[in-house]
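# Sequence and predicted structure, then a few things I'm wondering about:
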Amino acid sequence: MRKAEIGLLFTFSGLSLLGIFSHEIWLDEAHHWLFARDSQTVQELWINMRYDGHPILWNLMLFGITRFSQDVTLMQMLNVCISVAAVAVFLFFSPFNLLEKMLFMSGYFILYEYTVISRNYALLMLFLFLAVVFYRKKNYVLLSLVLALLANTHLFGLAFASFFVAMVSFEFISERKERMSKQVLIGCLIFLLGAIISLWQIIPPVDSNLYTHAQKSPPLERLERTSTVFLKAFVPIPDFTDYHFWNSNLLMSISKPLCAILSSILFCIPFFLFKNRFSLLLFFLAVQPSWYYLSIYQTSTRCDTTGRSI
Amino acid sequence: MILISCVWLSRSPASLYIPIILKRLKFKRDYSQQFFIALLLVQAAAGILSYTFDLNRPFSESKNAANLMLKDKETGEYLSAGCGAAPVSAYLEKKVYHLNVQKYGSFCQFGDTAIEDEVRLKKDAVAFITKTHRPAFLITHIPLGLSPADSLNIMWVGNFERSALRNESYYIYRVQNNGL
């Protein structure tokens, strides 16, 4: 074991714990916790969340811990455990140097949004990192298993896992690296099963307005939101001049035209970074639009029902 | 996350197949490493800033609002206009009575819309305590205008409006039947 990585992991764990103990949960975090807490059985949990558009995995984990305690801190602790596990995978298995690891660990999404805020994103990160590790190790059964789990974390997870499979298939075909072994075949079946289970959960009942709500917004507004999502992903610096910093962006507050230009430049990132790995370039280019599309069109039923006005 | 995974994969042996157009994409010097570090630096700055903000200011006022209500051992009922008090319910470890659907609940359910009329909200809150003969806390997201007549039954208890999220402010009122 490398001492520097162990030190980094301890530091990250300490910061995560400090972060959750001073963080107060909000509606999005509470929503899933309450699904789990106030469902008596797994079947009831399933019925309660059928309009939510998320796979059950995160809620199922919460359901498990709510059988022991109703203290919401447990959800935050669970999320930190998952996040620390993901960071451990990254620290001990990735080929990055120490500076890159330190910077990544301190990043907005890792240190803050996926760790301090308890949602299903930490699970998504863990399974995605494990998928990278198993793919590099050419362990296709475990790869398919984590991709199946990834597909069951979130709608984004299903998209990531599907594109990951497409990328692996592309590399198989274009490079003739592997023969269609028994291991690969079993892997395909496991992933397919996971993807079908995920889809079955995600598709809401016919009377749901999950995918119709956002489509009412005018095209210009949607275009603006698209560029916002793109910029926020790469330059997520909050507007610290605003007390209500959440979901704000410093660059967006300074100049929207500047953001549009910056967004266009940022769009070239994959061409620049992955020009020697065509399959990765395709994977990245496929994932990005799906992320933006889903960020804009996937609205929760909560939008209509929170009663925030009063 | 996707970016880091892709860079991670790109550092394993390169694939054989590269389209001609990408092969032609040559730079005098390859700045991709510096560019990658710059991106990580921006992300780290954003991470440290957001993390520090979250340490210094309440992200939501749900916990503070719940703690105040939990101090009152005599009042064990909680009312809200809809499911907007869900985070407070999580900290209370108890369901809240949703006046819009006239039943106890916690998470948001498809099709339920919260009460938007303040007069109706106050009326329903008073009707609840009259029916149950139990005092209750009313949790709202906006301050209520209390007339002298309202003040007979509804008393302001606290404002919680320092949340980092604009819509995670809470206003707490105690509703009790003065005839009790």
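Looks like it arrived, so ask away.
# what stretches of the chain score poorly on pLDDT?
Went with chain A since none was named. Applying pLDDT under 70 to chain A flags the ranges A:1, A:175-180, A:209-228, A:289-310.
# please go with chain B instead
In chain B (pLDDT under 70), the answer is B:13-29, B:179-180.
# If we use 90, what do you get?
Scanning chain B for pLDDT under 90 picks out B:1-36, B:109-117, B:149-152, B:166-167, B:177-180.
# so where do the strands sit in it?
Secondary structure of chain B (DSSP state E): strands at B:77-80, B:96-98, B:103-105, B:136-140, B:154-160, B:170-175.
# As CSV, the ones you listed with mean neighbour count and distance to A:Arg136 would be great.
From N, CA and C alone the C-beta is placed, and that goes for glycine too. CSV is the format used below for the strands of chain B (neighbours: other CB atoms under 10 Å in any protein chain shown; distance: least, CB to CB, whole Å):
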stretch, mean neighbour count, distance to A:Arg136
strand B:77-80, 22, 50
strand B:96-98, 24, 49
strand B:103-105, 15, 47
strand B:136-140, 25, 51
strand B:154-160, 17, 49
strand B:170-175, 22, 48
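# Which single residue in chain B comes nearest to chain A?
Ranked by CB to the nearest CB, the top residue of chain B for proximity to chain A is B:Ala114, at 2.0 Å.
# So what's the residue count around B:Phe110?
20 (other CB atoms under 10 Å in any protein chain shown).
# Dihedrals phi and psi, it?
phi -60, psi 130 (degrees, to the nearest 10).
# same thing with B:Ser163?
phi -70, psi 150.
# Report whether the expected contact of the residue of chain B closest to chain A with B:Gly105 is present.
No. Counting by CB atoms under 8 Å, B:Ala114 sits too far from B:Gly105 to count as a contact (11.5 Å).
# Determine the residues that are contacts of both of those two.
The contact sets of B:Ala114 and B:Gly105 overlap at B:Cys83 (CB atoms under 8 Å, 6 or more residues apart in numbering or on different chains).
# Would you map the helices across chain B?
Per DSSP state H, chain B carries helices over the ranges B:2-10, B:20-23, B:32-56, B:62-71, B:86-92, B:118-132.
# Please identify the most buried of these.
helix B:86-92 (a mean of 27; mean count of other CB atoms under 10 Å in any protein chain shown).
# Which residues are in contact with A:Ile237?
A:108, A:249-251, B:42, B:45-46, B:49.
# Regarding it, what is its secondary structure?
Assigned state for A:Ile237: coil (three-state reduction, DSSP: H, G, I helix; E, B strand; the rest coil).
# got the domain boundaries for chain A?
Listed by automatic domain parsing, the domain ranges of chain A are A:123-203, A:209-300.
# try chain B
B:2-56, B:62-175.
# In a markdown table: those domains, plus distance to A:Tyr243.
Shown next, in a markdown table, are those (distance: least, CB to CB, whole Å):
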| stretch | distance to A:Tyr243 |
| --- | --- |
| domain B:2-56 | 9 |
| domain B:62-175 | 7 |
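# Need the distance between the two termini of stretch B:71-90.
Stretch B:71-90 has an end-to-end distance of 16 Å (CA to CA, to the nearest Å).
# That stretch vs chain A: in contact?
Yes. Counting by CB under 8 Å from any CB of the partner chain, contacts between stretch B:71-90 and chain A involve B:80-84, B:86-87, B:89-90.
# Farthest pair within these?
Put simply, by CB to CB the two of those set farthest apart are B:Ala81 and B:Ala90, 17.6 Å from each other.
# can you count the residues close to A:Leu45?
Around A:Leu45 there are 21 residues (other CB under 10 Å).
# Kindly export the host helix or strand of it (C-alpha atoms) in CSV.
Following DSSP states H and E, one finds A:Leu45 within helix A:42-48. Extracted in CSV, the C-alpha atoms of helix A:42-48 (Å, rounded to 0.1, in the frame of the first residue of the first chain):
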residue,chain,number,x,y,z
VAL,A,42,-40.1,-3.3,-0.2
GLN,A,43,-43.3,-3.6,-2.2
GLU,A,44,-44.6,-0.4,-0.6
LEU,A,45,-41.3,1.3,-1.3
TRP,A,46,-41.7,0.3,-5.0
ILE,A,47,-45.2,1.6,-5.2
ASN,A,48,-44.3,4.9,-3.5
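# Is the helix or strand following that helix in proximity to chain B?
Once helix A:42-48 ends, the next helix or strand along the chain (criterion: DSSP H and E) is helix A:57-66. No. On the criterion CB under 8 Å from any CB, helix A:57-66 is out of touch with chain B, staying 10.2 Å away.
# For helix A:57-66, give me every contacting residue.
By CB under 8 Å, 6+ apart, the list of residues contacting helix A:57-66 reads A:32-33, A:35-37, A:39, A:42, A:45, A:49, A:74-75, A:78, A:119-120, A:123, A:149, A:152-154.
# Restricted to helices, list those.
Members of the contacts of helix A:57-66 lying in helices (criterion: DSSP H): A:32-33, A:35-37, A:42, A:45, A:74-75, A:78, A:123, A:149.
# What subset of the residues you listed is buried?
The neighbour count (16 or more other CB atoms under 10 Å in any protein chain shown) marks A:32-33, A:35-37, A:45, A:74-75, A:78, A:123, A:149 as buried among the ones in helices among the contacts of helix A:57-66.
# Tell me the bridge partners for B:Met155.
Beta-bridge partners of B:Met155, counted by DSSP bridges, are B:Arg174.
# circling back: I'd like the strands of chain B laid out as TSV, including distance to A:Lys232.
Output for those, formatted as TSV (distance: least, CB to CB, whole Å):
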stretch	distance to A:Lys232
strand B:77-80	31
strand B:96-98	33
strand B:103-105	33
strand B:136-140	31
strand B:154-160	28
strand B:170-175	27
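# Geometric centre of chain A: which residue is closest?
With distances taken as CA atoms, centre = their mean, the residue of chain A nearest its centroid is A:Tyr121 (3.9 Å).
# My guess is that one contacts A:Tyr112. True?
No. A:Tyr121 is beyond contact range of A:Tyr112, at 10.9 Å (criterion: CB under 8 Å).
# neighbours of the nearest residue to B:Ile2 once chain neighbours are set aside, just the number please.
Nearest residue to B:Ile2 in three dimensions, chain neighbours excluded: A:Val287, at 5.2 Å (CB to CB, 6 or more residues apart in numbering or on different chains). Other residues lying near A:Val287 total 23 when counted by other CB under 10 Å.
# Identify the residue nearest residue 121 in space, chain neighbours excluded?
Reading this off chain A. That would be A:Tyr114: by CB to CB, 6+ apart, it lies 4.5 Å from A:Tyr121.
# that's the wrong chain, I wanted chain B
Residue nearest to B:Leu121 in three dimensions, not counting chain neighbours: B:Ile115, with 4.8 Å by CB to CB, 6+ apart.
# Please report how far the one you found lies from A:Pro257.
Here the distance between B:Ile115 and A:Pro257 works out to 42 Å (CB to CB, to the nearest Å).
# which of those two has more neighbours?
Set B:Ile115 next to A:Pro257 and count neighbours by other CB under 10 Å: B:Ile115 wins out with 23 against 7.
# I am assuming the more buried one contacts B:Lys123, so please confirm or correct that.
No. Assessed by CB under 8 Å, B:Ile115 is found out of contact with B:Lys123, at 9.8 Å.
# Common neighbours of these two, please.
Contacts common to B:Ile115 and B:Lys123, judged by CB under 8 Å, 6+ apart, are absent.
# since we're on A:Ser255, how many residues are nearby?
11.
# before we move on, back to that, any chance of the helices of chain B in TSV with distance to A:Leu62 as columns?
Shown next, in TSV, are the helices of chain B (distance: least, CB to CB, whole Å):
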stretch	distance to A:Leu62
helix B:2-10	25
helix B:20-23	45
helix B:32-56	22
helix B:62-71	17
helix B:86-92	11
helix B:118-132	30
